[in-house]
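> What follows is a predicted structure for the sequence shown.
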Amino acid sequence: MSNTKVLPLLEPSVPEGVAPCCPPLTERPLTAEEAEKTARMFKALGDPVRLRLFSLVASHEGGEACVCDISDVGVSQPTVSHHLKKLKEAGLLTSERRGTWVYYKVEPSVVAAMGQMLGSLG
């Protein structure tokens, strides 16, 4: 006799204002709105400090990092906060305040959509 229970799969929730950017590039031409949204995301990752911060959050245990755990990226703490804010505005990170600290998490649906978009080129 087994205690195993099959649970239904749930669609991932996407925070308001954060949605997969666009279809694969080989599917159809991007609309002006899709191109603008996608460019914001790639522009945010085009800065070496932001790319490093994004990588630190993504690779952190549990997929989220407290701003208090992010250090040694070669810039001051206020600059780290500025870059994290830009990544959040681009839809690449979400954040949650817990007490005095802010925790950042990679937005998986957006990153998956970006990967799918670029993966279709190969």
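On my side now, so go ahead.
> Give me the buried positions along the helix or strand bottoming out on mean pLDDT in the chain.
Evaluated with mean pLDDT, DSSP states H and E, the helix-and-strand set of the chain has its lowest mean pLDDT in helix 108-119, which scores a mean of 77. Buried residues in helix 108-119, defined by neighbour count with 16 or more other Cβ atoms under 10 Å: 109, 110, 111, 113, 114, 116, 117. Where C-beta positions appear, they are placed from N, C-alpha and C, glycine not excepted.
> Of the residues you listed, which is the nearest to residue 90?
Within the buried residues of helix 108-119, distances to residue 90 taken as Cβ to Cβ reach their minimum at residue 110, with 8.7 Å.
> Now that closest one: closest residue in space, sequence neighbours ignored.
Spatial nearest neighbour of residue 110, excluding adjacent residues (Cβ to Cβ, 6 or more residues apart in numbering): residue 91 at 5.2 Å.
> For the one you found, report the pLDDT, please.
Predicted confidence (pLDDT) for residue 91: 89.
> can you offset everything so residue one is 892?
Okay, using 892 as the starting number, the last item reads as residue 982.
> which regions of this structure lie under the pLDDT threshold?
By pLDDT under 70, the weakly predicted segments of the chain are 892-913, 1011-1013.
> which residues in it form helices?
Applying DSSP state H to the chain gives helices spanning 923-936, 939-950, 968-980, 999-1010.
> Output those helices in JSON lines, with distance to residue 986 appended to each entry.
Compiled in JSON lines, those are given as follows (distance: least, Cβ to Cβ, whole Å):
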{"stretch": "helix 923-936", "distance to residue 986": "14"}
{"stretch": "helix 939-950", "distance to residue 986": "10"}
{"stretch": "helix 968-980", "distance to residue 986": "6"}
{"stretch": "helix 999-1010", "distance to residue 986": "14"}
